[in-house]
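In: sharing a model prediction with you, sequence too.
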Amino acid sequence: MATFTVKKQQTKPFDGQKPGTSGLRKKVKVFQQEHYLANFVQSTFKALPAEKIRGSTIVVSGDGRYYSEDAIQIIIKIAAANGVGQVWVGQDGLLSTPAVSCIIRDRVGSKGEKAYGAFILTASHNAGGPDEDFGIKYNTENGGPALESLTDKIFENTKNIKEYLIAEGIPHVDIHNTGRSTFSGPSGEFAVEVFDSTEEYVNLMKKIFDFEAISRLLARPDFTFCFDALHGVAGVYAKRIFVTELGAAESSLVNCVPKEDFGGGHPDPNLTYAKQLVKTMGLGSPVPEEIPEFGAAADGDADRNMILGKKFFVTPSDSVAIIAANAVGSIPYFRHGLKGVARSMPTSAALDVVAKGLGLRQFEVPTGWKFFGNLMDAGMCSICGEESFGTGSDHIREKDGIWAVLAWLSILAYRNRDVAADGKLVTVEDIVTLHWKTYGRHYYTRYDYENVDAGAAKNLMDHLVKHHSDLDGLNKIIKDTRPEVAEVALGDEFEYTDPVDGSVSSHQGVRFLFKDGSRLVFRLSGTGSVGATIRLYIEQYQSDRSKTGADAAGTLAPLVQVALVISKMEEFTGRSSPTVIT
Ligand code: G6P
Ligand code: ZN
């Protein structure tokens, strides 16, 4: 057994190690600076109670992006030096973000031990490679992202750090073969265990869903399926679940080999970046002759998802509402009913209408999955979702791309349970249009202005807030721009008081609520790594069941124009059009 000693390495603070909505994300080149990652990891250990760290088990893995392997080796050495007893690593360093959450909650080691926390190495949907992004975030004992109280402490520590602890004598650990390596250090044995990345997660999915029913759906000759992992870590899970467990054809998986640069693409499952899938599903041009009935994609770390039908896009806001409306009959995990539902503020109110219809408790939280965690831990929420292509439930404390796909397949399987193979298949589009006829439709779109000058973005937001104190003036501008648009009834900055711990989060987005129920929301992204990203969310409710089938872009055009005028978007940013529309 190799022995190691603990060295105190002198270091100096780096600026800007404040973790954002989902951890610290920077260019790989920034992370490659000597001591940069080590400073952050040491600052995290220092922010955690020492007695909890001593002898603990910590998970380290991620989406396999460039620099992951180097980072894993560094973290192993710092963990060992800080008294961690064992590091668990998914094979090849791969674990999806939802799988990490599942491992923390469900995996039991050979001595009955459980993980205390995890370092997840991912920058989610941001591009990867030597010139792109790397990221690290810490998840706690409940399997969810660290709360602000902890990330604030970590950030404080990064500002004062003078030294970190690192093990000397631990060789490069093989993370490609499963097995256990042990080392002997000053405070006893330290181990690194490399394990199968899929097993616990697959077992959890089997407990939640009716795999037999989904297999029967996938076996129908008239049901064709396509999943695109965008070269992220979802591919590993897709192969095991869709092909091995559920019997889908291998050819239904696209871009399912994880690559450290995601094949040069942007691993973000939306209409702009999941180009290949969008084309396959008949939403691009040319339209292929044969189009699958169901298409889905996930992001780099497999927590986001996009759901498509044949020539049909399901907005994430509709997706969570439809899953909530159908969960009880279709998904065994929910057979006893839902405890409640939740959405992030900019997500459309489609979920609210379902909650009202089903008599469920409903919560509106700021953007960021961590806000759902408290509600779930308190047993107040079963299903939640965000407009940013995140959907999930209280089975773990992260959003879950593969779960969302299985949820949709379950709904399809249930709706088609009595349809003979030669009968007419109930499609994704059928399910969505029927939902609109039942609950009304929230026309919805999001405009992103990426990599805008940070000062300009701030000025635009300040300008918007000024409108709040002069709604008469604002309504006059609106009337002059598009007289058919309703008046603004309320303008504010969203503020949230957590019903569980009473903590208050302010300045969570600038809102304009219109008299007819329409909404405009402006926010600055918390996940970008260069400049600022302005997000503009546009929503209009149509309760007249005969008008739910119109074109979304056309329906929303007047409201969009109003948004651009009242924000002076072009004047502030110099942009005449958004970089991404979803
Ligand atoms: C991450 C979080 C989500 C959040 C999203 C917002 O994906 O996990 O919970 O909705 O970031 O990103 P933004 O760039 O809009 O701050
Ligand atoms: Zn992600």
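Out: It's in. Ligands and ions are numbered 1, 2, ... in the order given.

In: closest point of the stretch 51-200 of the chain to ligand 2, which residue?
Out: Going by CB to the ion, ligand 2 is nearest to Ser124 of the stretch 51-200 of the chain, at 3.2 Å. For every residue, glycine as well, the C-beta is placed using N, CA and C.

In: pLDDT weak spots in this protein?
Out: 20-21, 421, 528-529 (pLDDT under 70).

In: return the residues of it in contact with ligand 2.
Out: Residues of the chain lying near ligand 2 by CB under 5 Å from the ion: 124, 299, 301, 303-304.

In: now do 6 Å
Out: Within reach of ligand 2 by CB under 6 Å from the ion, the chain has these residues: 97, 124-125, 299, 301, 303-304.

In: would you point out the most distant pair within those residues?
Out: With CB to CB as the measure, no two of those lie farther apart than Thr97 and His125, at 11.0 Å.

In: mind checking which of those two has more residues around it?
Out: Thr97 (31 against 25; other CB atoms under 10 Å).

In: so what's the closest residue to Val257 other than its chain neighbours up against?
Out: In space, and not counting its chain neighbours, Val257 is closest to Gly235: 5.8 Å by CB to CB, 6 or more residues apart in numbering. By CB atoms under 8 Å, 6 or more residues apart in numbering, Gly235 lies in contact with 229, 253, 255-258.

In: picking that back up, near ligand 1, which of the residues of the chain next to ligand 2 show up?
Out: Ser124 (CB under 6 Å from any ligand atom).

In: reformat the residues of the chain next to ligand 2 as a markdown table; add secondary structure.
Out: A markdown table is the format used below for those (DSSP: H, G, I helix; E, B strand; the rest coil):
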| residue | secondary structure |
| --- | --- |
| Thr97 | helix |
| Ser124 | coil |
| His125 | coil |
| Asp299 | coil |
| Asp301 | coil |
| Asp303 | coil |
| Arg304 | strand |
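
In: quick one: buried ones out of the residues of the chain next to ligand 2?
Out: Taking 16 or more other CB atoms under 10 Å as the criterion, what is buried in the residues of the chain next to ligand 2 is 97, 124-125, 299, 301, 303-304.

In: make CSV out of the residues you listed and add distance to Val432.
Out: Formatted as CSV, those follow (distance: CB to CB, whole Å):
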residue, distance to Val432
Thr97, 27
Ser124, 26
His125, 24
Asp299, 22
Asp301, 27
Asp303, 23
Arg304, 19
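
In: closest to ligand 1 out of those residues?
Out: Ser124 (5.6 Å; CB to the nearest ligand atom).

In: from what I can see the closest one touches Thr527, true?
Out: Yes: between Ser124 and Thr527 there is a contact at 6.9 Å, judged by CB atoms under 8 Å.

In: what do these two both touch?
Out: 22, 25.

In: tell me what the particular helix or strand that has Ile120 in it is packed against?
Out: If you go by DSSP states H and E, Ile120 is part of strand 117-121. Counting contacts by 3 or more CB pairs under 8 Å, 6 or more residues apart in numbering; DSSP states H and E, strand 117-121 packs against strand 57-62, helix 68-81, helix 97-106, strand 133-139.

In: which other residues reach the first one?
Out: In other words, strand 57-62. 68, 72, 75-76, 79, 84-90, 93-95, 100, 103-104, 109, 113-122, 197, 233, 301.

In: need the residues of the stretch 301-450 of the chain near ligand 1, please.
Out: So the stretch 301-450 of the chain meets ligand 1 at 344, 367-369, 386, 388, 390 (CB under 6 Å from any ligand atom).

In: ok, of those residues, which one's closest to Gln33?
Out: The shortest separation between Gln33 and any of these is 27.5 Å, and it belongs to Gly368 (by CB to CB).

In: now do the contacts for the closest one.
Out: Neighbouring residues of Gly368 by CB under 8 Å, 6+ apart: 21-22, 145, 344, 526.

In: report the secondary structure state of it.
Out: Under three-state DSSP, Gly368 comes out as coil.

In: same check on Arg25?
Out: Under three-state DSSP, Arg25 falls in the strand class.

In: cool, and Lys8?
Out: Going by three-state DSSP: Lys8 is strand.

In: how about the nearest residue to it, chain neighbours excluded?
Out: Nearest one to Lys8, counting by CB to CB, 6+ apart, is Glu163 at 4.9 Å.

In: could you measure from that neighbour over to Asn39?
Out: 10 Å (CB to CB, to the nearest Å).

In: can you pull the residues that touch both of the two?
Out: Thr11.

In: comparing the two, which shows the higher neighbour count?
Out: Between Glu163 and Asn39, Asn39 has the larger neighbour count (other CB under 10 Å), namely 23 against 14.

In: and the more buried one, what does it touch?
Out: 11, 13-14, 17, 158, 161, 164.

In: show me these that map onto helices.
Out: Thr158 (DSSP state H).

In: where do the helices sit along the stretch 451-582 of the chain?
Out: Here the stretch 451-582 of the chain has its helices, by DSSP state H, counting those that start in this stretch, at 454-467, 471-481, 552-567, 569-573.

In: mind checking those for the one nearest to ligand 1?
Out: Among the helices of the stretch 451-582 of the chain, if distance is taken as CB to the nearest ligand atom, the winner is helix 454-467, at 12.6 Å.

In: what packs against that closest one?
Out: So helix 454-467, by 3+ CB pairs under 8 Å, 6+ apart, packs with strand 510-514, strand 519-524, strand 532-542, helix 552-567, helix 569-573.

In: quick one: which of the contacts of Gly368 is nearest ligand 1?
Out: For the contacts of Gly368, the residue nearest ligand 1 by CB to the nearest ligand atom is Gly526; the value is 3.6 Å.

In: my guess is that closest one meets Thr367, correct?
Out: Yes: when contacts are counted by CB under 8 Å, Gly526 is listed as touching Thr367 (7.1 Å).

In: who has more neighbours out of the two?
Out: Thr367 (24 against 14).

In: and the residue of the stretch 451-582 of the chain closest to ligand 2?
Out: Thr527 (9.0 Å).

In: about what we covered before: using PDB, write out the CA atom coordinates for the strand holding Ile120.
Out: Extracted as PDB, the C-alpha positions of strand 117-121 are listed here (Å, rounded to 0.1, in the frame of the first residue of the first chain):
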ATOM      1  CA  GLY A 117     -21.000  15.200  -0.400                       C
ATOM      2  CA  ALA A 118     -19.800  15.500  -3.900                       C
ATOM      3  CA  PHE A 119     -17.700  17.600  -6.200                       C
ATOM      4  CA  ILE A 120     -19.400  17.600  -9.600                       C
ATOM      5  CA  LEU A 121     -17.100  18.500 -12.500                       C
END
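
In: sweet, I'm off.
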